[in-house]
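Visitor: Coordinates for the following, if possible.
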Amino acid sequence: MKSTMSACSSTLLLCLFSATALAQQPGGPPEQVIVTSSRIATPLRQVGTSVAVITEGQIEAHGNLSLLDVLRQMPATGSSSNGGIGKVSALRIRGEEGFRTLTMFDGIRLSDPSTPQIGPQIEQILSSGVGRVEMLRGPQGLSYGADAGGVVNLFSRRDDEGLNVDFELESGEFGTRQFGGTVSGRDNNVDYFFSATDLSTDGYNSRLSDVDLRDDDGYANTTLHGRFGFQMSESWRMDVVHRDVKGETEFDGCFAQTIVNDCKSDYDLSASRVSIDYSSESITHTLAYANTQTDRQNYSLGQSAFGASGQLERFEYLGSISNLPGFNLVFGADLEDADSGSTSRDNRGIYLEYLSDFSDFLFFTAGVRHDDNDDFGTNLSYRLSGAYLVDLGADSSVKFRGAYGTGFRAPSPFEVEYNAGPFAFPPAALLSLEQERSEGFELGIEYVLGSNLKLEAVYFDQKIDDVIYFDLLGFSGYLQDLGTSTSDGVELSARYSLTNNLEVTANYTYNETERPNGQQRIRRPEKLANLALSYRTLGDRLAINAFYRLSRDAIDEVFGTTTSLDDFEVLDLSMSYDLSDSIRLYGRIENATDEKYQEVIDYNSAQRAVYFGIKVAF
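Guide: The predicted structure is shown next:
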């Protein structure tokens, strides 16, 4: 097992799925292997941090076109959208801002350097082409860098030997149409995955205050994603990944001397990554270069209003040493240059993590990271984690675990530049922005009974000092919430296979958030719950799924005045039927009870919608 893990650490993307079968415990079911926690393949039973996994089958069961609608049903994961698919959205893990959620796809960071906080454009990511998701909750400044308050790691599909081709066509409410296809496979020393997806929807009137046009606000997205891997020898491997996204969004509430509701934005992403890996029985090295370019253009009444472009260049080195006396080491370095068009900034980081390997039931990790930022100097981040396993016999066990981590976020070049520019005025113009600093810990317990039952309970407590925010009351620029903002709560999760054909999964999160002034942080529901039922019959050819989502006790803020958001409950239903080994018919009903609700004040959410599709595989 130890040599397998060493080899996998240099080819994480290739080994991700095959390692699951290799991690089987004697007499027990295969065990999941994850790579997101410490960046090398690690059996989930040894991990002391909170990681949730979504498989390709679960993504297909949900059926949602937007990946955001799948992710929001994970534990301690909230989201908000300004009017539906393709509109400005945020994914918040444990109550933290969406731009603190690092999002990656096959190793490419989907951070947008043209945005104010260099965060991911989560609304531009479609679920098509995603084969697996690993979500890491809590401060992750150790190996992923300062801004990572949580990690969403996406992987394309990995196939066995041979060529696999599939096409998919879907249509439904709001004039929605999606067509896509993939080509993937593996042949001797080569593996590959290529996908293309084209989505268009007329949408609906996204904003309540649009009483003049009352027009539909549509969205179009064309996404190309490719991954090519070449095993050059037993020890050497090369991977190349490229992603291209073009999004066009219609929305309400832009400016053309006054507020108007004929608005449009164009989004272009071009991102590439190449990596070279070396692995031996006990040593691995990975050297990678990635380049991400984004361009955004906004239009009011058909005329260009403003635009922004950015480039993110990143050099990475990742190494590991195993078979040391009682421990393994993971270490790395990275250089990132963020260019927002008018300003550029470098950040250099190095890190080292110790992973214990002296016991089959007790596991520790300890790591430290040093960052050197061009504008804000040096910073030190660290993370500790531990897990203790108790074997109860009869294929059951209990795991006690805990983790503590720190991080920081330097003010983005845009935030600094805006406060120094002509559009800022006091108090923002007089403020010299300081770094945000974060820390958090968690304590958890898990009970597992074979592959039939898993129960999990986690308490978490996170703090961020001097949160940077835009002055929505006076529009003076960027201010800091001087003091400590907190987010703490409890996560409860369960998965139970009632029969071979029926499975139920559920999670509940109580999340209490507070600003330094004692007020609740906006758009963070105190209570989130999800319940999913999955039933398969007719020799697994027919699958029926139900997804129920609940949100309680959230607030929003408009011009400095806080307003309670309505509680809501949403039910989605999906069904698929395999006509043959090659043809699948499917359909779903989103918001089956036609719940009317708002996640952001003045923005509508979709009413009941029905969709049908067909997938043909060769």
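Visitor: show me where this structure has helices.
Guide: Secondary structure of the chain, counting by DSSP state H: helices at 2-10, 12-22, 56-62, 67-71, 413-420.
Visitor: Give the rounded mean pLDDT of the longest one.
Guide: Rounded to a whole number, the mean pLDDT of helix 12-22 is 39.
Visitor: repeat for the fourth one
Guide: Model confidence over helix 67-71 averages 95 on the pLDDT scale.
Visitor: same deal with stretch 193-200?
Guide: Here the mean pLDDT over stretch 193-200 is 98, rounded to a whole number.
Visitor: quick one: buried residues of stretch 417-425?
Guide: Buried residues in stretch 417-425, defined by neighbour count with 16 or more other C-beta atoms under 10 Å: E417, Y418, N419, A424. The way it works is simple: take the backbone N, C-alpha and C, and place the C-beta from them, glycine included.
Visitor: meant to ask about stretch 215-226
Guide: Of the residues in stretch 215-226, those buried (16+ other C-beta under 10 Å) are D215, D217, G218, Y219, A220, N221, T222, T223, L224, H225, G226.
Visitor: From these, pick the one nearest T406.
Guide: Here the nearest of the buried residues of stretch 215-226 to T406, counting by C-beta to C-beta, is H225; it sits at 33.7 Å.
Visitor: gap between the closest one and R158?
Guide: Applying C-beta to C-beta, to the nearest Å, the value for H225 to R158 is 14 Å.
Visitor: Could you tell me which residues touch both of those two?
Guide: Contact with both H225 and R158 is made by residues F193, according to C-beta atoms under 8 Å, 6 or more residues apart in numbering.
Visitor: tell me how far the ends of stretch 509-527 are from each other?
Guide: 6 Å (C-alpha to C-alpha, to the nearest Å).
Visitor: quick one on the thing from earlier: so which of the buried residues of stretch 215-226 sits lowest on pLDDT?
Guide: On pLDDT alone, D215 ranks lowest of the buried residues of stretch 215-226, at 92.
Visitor: Would you confirm that that one contacts Y204?
Guide: No - D215 sits out of contact with Y204 when judged by C-beta atoms under 8 Å, with a separation of 9.5 Å.
Visitor: Run a quick neighbour tally on F475.
Guide: A count of neighbours around F475, defined by other C-beta atoms under 10 Å, yields 12.
Visitor: pLDDT value on it, please?
Guide: pLDDT, F475: 88.
Visitor: and it, how far is that from I468?
Guide: In terms of C-beta to C-beta, F475 sits 15 Å off from I468.
Visitor: quick one: pLDDT of the most centrally placed residue in the chain?
Guide: When the chain is reduced to its mean C-alpha position, the nearest residue by C-alpha atoms, centre = their mean turns out to be V152, at 2.9 Å. The predicted structure scores V152 at 92 on the pLDDT scale.
Visitor: show me the contacts for it.
Guide: Taking C-beta under 8 Å, 6+ apart, we find V152 in contact with L71, L91, T101, L102, T103, M104, P120, V133, E134, M135.
Visitor: Please apply the same query to S564.
Guide: For S564, the set of contacting residues under the criterion of C-beta under 8 Å, 6+ apart consists of D553, A554, I555.
Visitor: how close does the last one sit to K87?
Guide: To K87, I555 is 20 Å away according to C-beta to C-beta.
Visitor: Where does pLDDT dip in this structure?
Guide: 1-31, 140-141, 146-149 (pLDDT under 70).
Visitor: and S184, what does it touch?
Guide: Contact criterion C-beta under 8 Å, 6+ apart gives S156, R157, D159, L163, N164, Y192, F193, F194 as the residues in contact with S184.
Visitor: Tell me the most packed of these, by neighbour count.
Guide: The member of these surrounded by the most neighbours (other C-beta under 10 Å) is F193, with 25 neighbours in all.
Visitor: my read: it touches R157, true?
Guide: Yes - between F193 and R157 there is a contact under C-beta under 8 Å: 5.8 Å.
Visitor: overlap in contacts of the two?
Guide: Residues touching both F193 and R157 (C-beta under 8 Å, 6+ apart): G131, T182, S184.
Visitor: I'd like to know how far the closest residue to the first one other than its chain neighbours sits from R177.
Guide: Spatial nearest neighbour of G131, excluding adjacent residues (C-beta to C-beta, 6 or more residues apart in numbering): R157 at 3.4 Å. When distance is defined by C-beta to C-beta, R157 is 23 Å away from R177.
Visitor: Quick check: buried residues in stretch 341-358?
Guide: Counting neighbours by 16+ other C-beta under 10 Å, stretch 341-358 gives R345, N347, R348, G349, Y351, L352, E353, Y354, L355, S356, D357 as buried.
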